[in-house]
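Engineer: Any chance you could fold what I've pasted below:
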Amino acid sequence: KMLFISFVTHTLTDSPRAGLYIGLATAAFVAPYILFSAFTGRLAAREDNGKIIQTLKWIELGIILASVSAFAIAAASPTTLALGGLLALLALMGTHSAFMSPAKELMMTRIVSPHQLSDANGRRTARTFFGIILGSALAIYLYMLPVAMAAKAGSLLILSLLGIMASRSLPLVSAWSPSL
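Structural biologist: This is a model prediction of the structure:
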């Protein structure tokens, strides 16, 4: 999201559209949480959370690959269509996150003992927010580097691949409530 906002802010500096796209970026990322939260919670309860997370990490890789191309196109010609494509991909990442959150939270209840659950959830939440803050700062720094926009977006591929590798170490656990 921050890479998109940095791109829009720099590219549309003198345009009143910049503020519109920044607002739309926030809405595109957050709206899937509102739209899908009930469904994603039920899915996380019905299915193996490790499998959900592993599948989502591969979907994330596809979204990132598409984003690299979309950023390259938008950098060459920041048309409404190109920026709209980036917003659509941002909405897909928001959807990805909306599905990932309940799977991570429910998995914690399955792999951590009850007396350690509060501490484990606190550490997971702290790591999540640390990642958001660090990712936002790195996105701004990355945007300022004197390399092509596709290369900047391509660096996200490395993070996505690391996520896939990490997800492979997750235990596969039976569904919490398969009948939901």
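Engineer: Which parts of this structure are helices?
Structural biologist: Here the chain has its helices, by DSSP state H, at 2-11, 17-46, 49-76, 80-111, 117-144, 149-167.
Engineer: Enumerate every residue touching the spatially most central residue of the chain.
Structural biologist: Taking CA atoms, centre = their mean, the centroid of the chain lies closest to residue 93, which sits 4.4 Å from it. When contacts are counted by CB atoms under 8 Å, 6 or more residues apart in numbering, residue 93 touches 1, 29, 60, 63. Any C-beta I mention is one placed from the backbone N, CA and C, and that applies to glycine too.
Engineer: In these, which residue is surrounded by the most others?
Structural biologist: residue 60 (22 neighbours; other CB atoms under 10 Å).
Engineer: in the protein, which helix or strand is least confident?
Structural biologist: Ranked by mean pLDDT, DSSP states H and E, the weakest helix or strand in the chain is helix 2-11, scoring a mean of 81.
Engineer: Name the residue most distant from the centre of this protein?
Structural biologist: What lies farthest from the middle of the chain is residue 115; by CA atoms, centre = their mean that is 30.3 Å.
Engineer: follow-up on the earlier one: how near is the residue nearest to the centre of the chain to residue 169?
Structural biologist: Here the criterion is CB to CB, to the nearest Å. By it, residue 93 lies 23 Å from residue 169.
Engineer: circling back to that earlier point, just give me the least confident of the contacts of residue 93.
Structural biologist: By pLDDT, residue 1 ranks lowest within the contacts of residue 93, coming in at 77.
Engineer: Would you agree that one is in contact with residue 27?
Structural biologist: No. Counting by CB atoms under 8 Å, residue 1 does not reach residue 27; the two are 10.9 Å apart.
Engineer: What residues sit buried inside stretch 60-75?
Structural biologist: Counting neighbours by 16 or more other CB atoms under 10 Å, one finds that the buried residues in stretch 60-75 are 60-61, 63-64, 66-68, 70-75.
Engineer: swap that for stretch 31-50, sorry
Structural biologist: Neighbour-count burial for stretch 31-50, counted by 16+ other CB under 10 Å, picks out 32, 36, 40, 41, 43, 44, 45, 47, 48, 49, 50.
Engineer: Turn those residues into a markdown table, columns for distance to residue 104 and pLDDT.
Structural biologist: A markdown table is the format used below for the buried residues of stretch 31-50 (distance: CB to CB, whole Å; pLDDT from 0 to 100):
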| residue | distance to residue 104 | pLDDT |
| --- | --- | --- |
| 32 | 16 | 96 |
| 36 | 15 | 95 |
| 40 | 11 | 94 |
| 41 | 12 | 92 |
| 43 | 13 | 93 |
| 44 | 9 | 92 |
| 45 | 13 | 90 |
| 47 | 13 | 90 |
| 48 | 13 | 89 |
| 49 | 7 | 90 |
| 50 | 10 | 90 |
